[in-house]
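[1] Return a 3D structure for these sequence lines:
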Amino acid sequence: MKKLWMFAALCAAFATSQADARNTVDTYAVDAALKSEPGKVSDDIALYFAGQSHPAVQKALGQFSTNKKTNAFGKSDEAACQHVFLSAVAELQERARKEGGNAVINIKSNYKNELRASATEFTCGAGAMIAGVALVGDVVTLKGGK
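    Numbers count the residues shown, from 1 in each chain. Reported below is the predicted structural model:
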């Protein structure tokens, strides 16, 4: 029994060290991610990624960030990253609702505090067990709605 317990502990330690070992940082398409799980991101709060034009800002309500993680076990990096990206975007939208805004503009990736501005791609880190996306954006009220 003692040998079985020691074997289980050794396996767990090895699995943990292997899970922590991989951290692949890559970029993925914003558009594909937004379409990957229909209905997860609402259309009541407009989203404008860095460099995208938008209507004039009527009122700036602050810059907010999100740092989301998800279980990546058994998923491709792309699938896990798309899922966690949608969670991060949904959190920014929820913050906009809370602040009374109707849009989040100038959305940038901020993985490990490295800002990356792109209108078409986001940055995600994925390991054997966890995938993560960090975003930052400006919550605003745009003139004329979205």
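[2] which other helices and strands contact the lengthiest helix in the chain?
    When every helix of the chain is counted residue by residue (DSSP state H), the longest turns out to be helix 77-99. Using 3 or more C-beta pairs under 8 Å, 6 or more residues apart in numbering; DSSP states H and E as the contact criterion, the elements in contact with helix 77-99 are strand 24-29, helix 30-36, strand 46-49, strand 57-71, strand 103-111, strand 121-126, strand 130-142. C-beta coordinates here come from the backbone N, C-alpha and C atoms, glycine included.
[3] The ones you listed: which one's closest to residue 97?
    For the helices and strands packed on helix 77-99, distance to residue 97 was read as C-beta to C-beta. The smallest value, 9.3 Å, belongs to strand 130-142.
[4] Pairing partners for the closest one, with directions?
    For strand 130-142, the paired strands and their directions (DSSP bridges) are strand 57-71 (antiparallel), strand 103-111 (antiparallel), strand 121-126 (antiparallel).
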